[in-house]
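> Build me a model:
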Amino acid sequence: MRIHFIAIGGSAMHNLALALSDVGHLVSGSDDVIFEPSKSRLQAAGLLPAQMGWHAANITEEVEAVILGMHAKKDNPELLRAQELGLKIYSYPEFLYEHAKAKTRVVIGGSHGKTTISAMVLHVMKYHERPLDFMVGAQLDGFDRMVQLTEENDFMLIEGDEYLSSPIDSRSKFLHYKPHIALLSGVAWDHINVFPTLEAYKATFASFIDSIVPGGSLTYNAEDSELEAMVLAATNPIRKIAYQTPDFKIVDGQSVLDTEEGELPLEVFGAHNLNNLAGAKWICQHMGVDALDFYEAISSFKGASKRLELVAKNARTAVYKDFAHAPSKVRATTAAVKEQFPGRKLVVVLELHTYSSLDPAFLTQYRGALEAADQGVVFYEPEVLKIKNRAPIDPQHIKEAFGNAHLQIETEPIGLEKFIASLDLENRVLLFMSSGNYGGTDFKALANRVQ
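Numbering: from 1, shown residues only. Purely as a prediction, here's the structure:
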């Protein structure tokens, strides 16, 4: 097929474009800006647009399918031209479903943890040489592509995002997939620009539960009371399987899982990661991997990119980055790192970067989220507020929302840079959390200080 991507530079979009090109489709694409690593990966495959921007001339009657990304707008000239010509227009979840119609679809959803759980399942399946199709949102060690599409594989593993499908499709992405095997890791209000209330947010998850194929299964985190109530109330004729955090302990700075086969040292740590592991174990069992084989494989799992990613460490200092930005994930990650290093001072830098986190009304959801930290810093850039059409936020309002009068507030990259440079690293753990880039913080320079 001749396939054109509108907004090809996105994380999922560029991976899908690469996967389709790999199997022989004629792929083209456009975008107004493309960041790394998407830019280099598209360029290496010969798929980087010759010029940035949107050009109606890119859309001709020879194009057999258009895949539309969320970065585009409804008035995008390429979209308008495709509509004018009556071309078939897909969001990427629609296209994935079309590919996976005849496969057993496995969908991992939830407000947090879905990337890690998906990555754990992929790691286990690769370890045991069990091929499958997949689409996940983070780069993993040992995988060149984060989308793989074949004709022959029986299973398709999909990370199920609840955000909108495309500018012309307001359904949540995961509502397209109609899974046979599903998992929900939890429901914690997010994306308030799309779901203005908690009830609206929960409703899309209830719809996801209803979308599971009759006779299929839903594995769910029973430690989330909101989620458990939704699952138990669902009338869809499916199997419902609860999971919870397994018993573990920390020995010499390493998390050790208590299993029926004995103690199992792990590369990952934190109660939330052990909770994710319990969910992944059930999914792997549904896919034919028994418990013993799961434990053998998962012991070498080091984590997904940007999920508690180790930047540098020595005998006295450790520096981590995490993609956390939702209040529940910030709270869980902070607590996990403190538990892992109880004898060290924990310094946390949280960047407020998302639409939700920059909303003064939503900020109260962060109350107590940094209470496990010995020193907390919140960083945000007023310029980002302007770009996102948010009103200015008073630093005092942030301190009150977090319930922490001692919170340090930084609003300029240079201020954050000076703070980091002034830190005494002796007997410290530094934890950076954001979906942004911390004002361009130089992590290589910080890592060099730790060597």
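
> which residues touch the longest helix seen in the chain?
For the chain, the helix with the greatest residue count under DSSP state H is helix 271-286. With contacts defined as C-beta atoms under 8 Å, 6 or more residues apart in numbering, helix 271-286 is touched by 106, 108, 112-113, 116-117, 120-121, 124-125, 181, 183, 185, 217, 219, 221, 223, 241, 243-246, 248, 255, 257, 266, 268, 291, 294, 298, 303, 308, 329, 332-333, 335-336, 339. The way it works is simple: take the backbone N, C-alpha and C, and place the C-beta from them, glycine included.

> Check which residues of it are buried.
Using 16 or more other C-beta atoms under 10 Å as the test for burial, helix 271-286 gives 271-284, 286.

> Closest one of these to Val66?
Distance to Val66, by C-beta to C-beta, is smallest for Ile283 among these, at 32.7 Å.

> what separates the closest one from Gly440, distance-wise?
38 Å (C-beta to C-beta, to the nearest Å).

> Against Asn273, how distant is Glu351?
Computed as C-beta to C-beta, the Glu351 to Asn273 distance reads 22 Å.

> Where does pLDDT dip in the chain?
Segments of the chain classed as low confidence (criterion: pLDDT under 70) are 305-306, 388.

> Let me see the domain layout of it.
Annotated domains of the chain cover 2-87, 95-298, 309-450 [automatic domain parsing].

> Centroid-nearest residue for the chain?
When C-alpha atoms, centre = their mean is applied to the chain, the residue found nearest the centroid is Thr115 (4.8 Å).

> Give me the helices and strands touching the host helix or strand of that one, please.
Following DSSP states H and E, one finds Thr115 within helix 114-127. For helix 114-127, the elements it packs on are strand 104-109, strand 155-159, helix 271-286, helix 291-298, judged by 3 or more C-beta pairs under 8 Å, 6 or more residues apart in numbering; DSSP states H and E.

> Identify each buried residue in the last one, please.
By neighbour count, and taking 16+ other C-beta under 10 Å as the criterion, the buried residues in helix 291-298 are Asp293, Phe294, Tyr295, Ala297, Ile298.

> Among those, which one sits closest to Leu363?
Ile298 (36.4 Å).

> Double-check the closest one against Met120; I have them as touching.
Yes - counting by C-beta atoms under 8 Å, Ile298 does reach Met120; the two are 6.3 Å apart.

> Quick check: which element contains the nearest residue to Phe35 once chain neighbours are set aside?
In space, and not counting its chain neighbours, Phe35 is closest to Gly9: 6.9 Å by C-beta to C-beta, 6 or more residues apart in numbering. Secondary structure assignment for Gly9, by DSSP H and E: no helix or strand.

> thinking again about what came up before, where's the residue nearest to the centre of the chain relative to Leu140, distance?
10 Å.

> Overlap of the contact sets of these two?
Common contacts of Thr115 and Leu140, defined by C-beta under 8 Å, 6+ apart, comprise Ala304.

> Strands of the stretch 301-450 of the chain, start to end?
309-313, 317-322, 345-351, 375-379, 408-410, 428-433 (DSSP state E, counting those that start in this stretch).

> Now render these as a markdown table, adding mean neighbour count and distance to Thr235.
Shown next, in a markdown table, are the strands of the stretch 301-450 of the chain (neighbours: other C-beta atoms under 10 Å; distance: least, C-beta to C-beta, whole Å):
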| stretch | mean neighbour count | distance to Thr235 |
| --- | --- | --- |
| strand 309-313 | 15 | 41 |
| strand 317-322 | 22 | 37 |
| strand 345-351 | 23 | 40 |
| strand 375-379 | 22 | 43 |
| strand 408-410 | 19 | 48 |
| strand 428-433 | 23 | 38 |
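
> and the ones you listed as TSV, adding distance to Gln51?
Output for the strands of the stretch 301-450 of the chain, formatted as TSV (distance: least, C-beta to C-beta, whole Å):
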stretch	distance to Gln51
strand 309-313	34
strand 317-322	33
strand 345-351	32
strand 375-379	35
strand 408-410	38
strand 428-433	35
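
> Alpha carbons of stretch 49-61, in PDB - could you do that?
Extracted in PDB, the C-alpha atoms of stretch 49-61 (Å, rounded to 0.1, in the frame of the first residue of the first chain):
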ATOM      1  CA  PRO A  49      10.200  14.600   5.100                       C
ATOM      2  CA  ALA A  50      12.200  16.600   2.600                       C
ATOM      3  CA  GLN A  51      10.800  19.800   4.100                       C
ATOM      4  CA  MET A  52       9.000  20.600   7.300                       C
ATOM      5  CA  GLY A  53       5.400  21.800   7.200                       C
ATOM      6  CA  TRP A  54       2.100  20.700   5.800                       C
ATOM      7  CA  HIS A  55       1.600  20.600   2.000                       C
ATOM      8  CA  ALA A  56      -1.600  19.700   0.300                       C
ATOM      9  CA  ALA A  57       0.400  18.500  -2.700                       C
ATOM     10  CA  ASN A  58       1.600  15.600  -0.600                       C
ATOM     11  CA  ILE A  59      -1.900  14.100  -0.900                       C
ATOM     12  CA  THR A  60      -2.800  12.600  -4.300                       C
ATOM     13  CA  GLU A  61      -5.200  10.000  -5.500                       C
END
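
> for that stretch, the distance to its chain's centre please.
With C-alpha atoms, centre = their mean, to the nearest Å as the basis, stretch 49-61 stands 30 Å off its chain's centre.

> what's that stretch in contact with?
4, 6, 8, 28-34, 66, 72, 76-78, 80-82, 85, 87.

> Just to be sure, which of those residues are found in strands?
The strands, defined by DSSP state E, take in His4, Ile6, Ser28, Gly29, Ser30, Val66 from these.

> Present those as CSV; the columns should include neighbour count.
Listed next are those as CSV, based on neighbours: other C-beta atoms under 10 Å:
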residue, neighbour count
His4, 25
Ile6, 26
Ser28, 17
Gly29, 24
Ser30, 25
Val66, 22
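
> can you give me the helices for the stretch 51-200 of the chain?
Residue ranges of the helices in the stretch 51-200 of the chain, as given by DSSP state H, counting those that start in this stretch, are 77-85, 92-100, 114-127, 198-211.
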